[in-house]
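**Q** Fold the following and give me the result.
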Amino acid sequence: MATIEELQAQNEELHRELTTCHATIANRDATVHDLRQANARKDAQITKLITAHHHERMVLLNGVETRLDQLLQLHQQLEHQLRQSENRVTTAPAEDDRVHGFAMTLRPLRQEGAHEIRFIAGQESYVTRQVSEANALLFEFTETGNPIDLRQNFQRVANERLRARITTYLAENPVSII
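**A** Got it, this is the predicted structure:
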């Protein structure tokens, strides 16, 4: 059997261990409290970021929707203008008999069935304009904001295609020189 001194020594040892455990628990409680506060700050920042991102997206979506509405209105106005200019003839000067062409470019928009239509006139005056059918369609030419450059780019691509067709025709149907 253990003596009183041994029991007191064990009791003091257990008391020291218990004090150490209490200090460790208090230290860990403080760490957990600090982590919870840090997580709460991070949660608040994340919530602010999500809210700001959502707000930005809504502003952008509203801007896109407004722009799409404007493009659809412009599409309708252009369609109306093309109908009004159909079969309209202006008189060319007597000394100058020129024929000027025009082109339309269609670019599909994201909304099903909607297109951006651009009318490229070779010349506004002295032109018989009819909106009926296209003799040819040109793809992949550089569109610019400057009407003169746009017309020149269009003419360059059209001329390149015409030269290619003539070259192909001559290759398939050689002409003999006598």
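
**Q** Would you point out the helix or strand in this protein whose mean pLDDT is lowest?
**A** When the helices and strands of the chain are scored by mean pLDDT, DSSP states H and E, strand 128-129 comes last with a mean of 50.

**Q** avg pLDDT for the helix or strand harbouring Leu162?
**A** Following DSSP states H and E, the helix or strand that holds Leu162 is helix 147-172. In this model, helix 147-172 has an average pLDDT of 79.

**Q** do the same with stretch 10-23
**A** Stretch 10-23 comes out with an average pLDDT of 93.

**Q** Can you give the contact residues for it?
**A** Ala2 (Cβ atoms under 8 Å, 6 or more residues apart in numbering). Heads up, the C-betas are built off the backbone N, CA and C, glycines and all.

**Q** Could you export that stretch as CSV, CA atoms only?
**A** Output in CSV follows, covering the C-alpha atoms of stretch 10-23 (Å, rounded to 0.1, in the frame of the first residue of the first chain):
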residue,chain,number,x,y,z
GLN,A,10,1.2,11.7,-7.1
ASN,A,11,-1.5,14.2,-6.3
GLU,A,12,1.0,17.1,-6.8
GLU,A,13,2.1,15.5,-10.1
LEU,A,14,-1.5,15.1,-11.3
HIS,A,15,-2.2,18.7,-10.2
ARG,A,16,0.7,20.0,-12.3
GLU,A,17,-0.5,17.9,-15.3
LEU,A,18,-4.0,19.3,-14.8
THR,A,19,-2.7,22.8,-14.7
THR,A,20,-0.6,22.2,-17.9
CYS,A,21,-3.7,20.8,-19.6
HIS,A,22,-5.8,23.8,-18.5
ALA,A,23,-3.1,26.1,-19.9
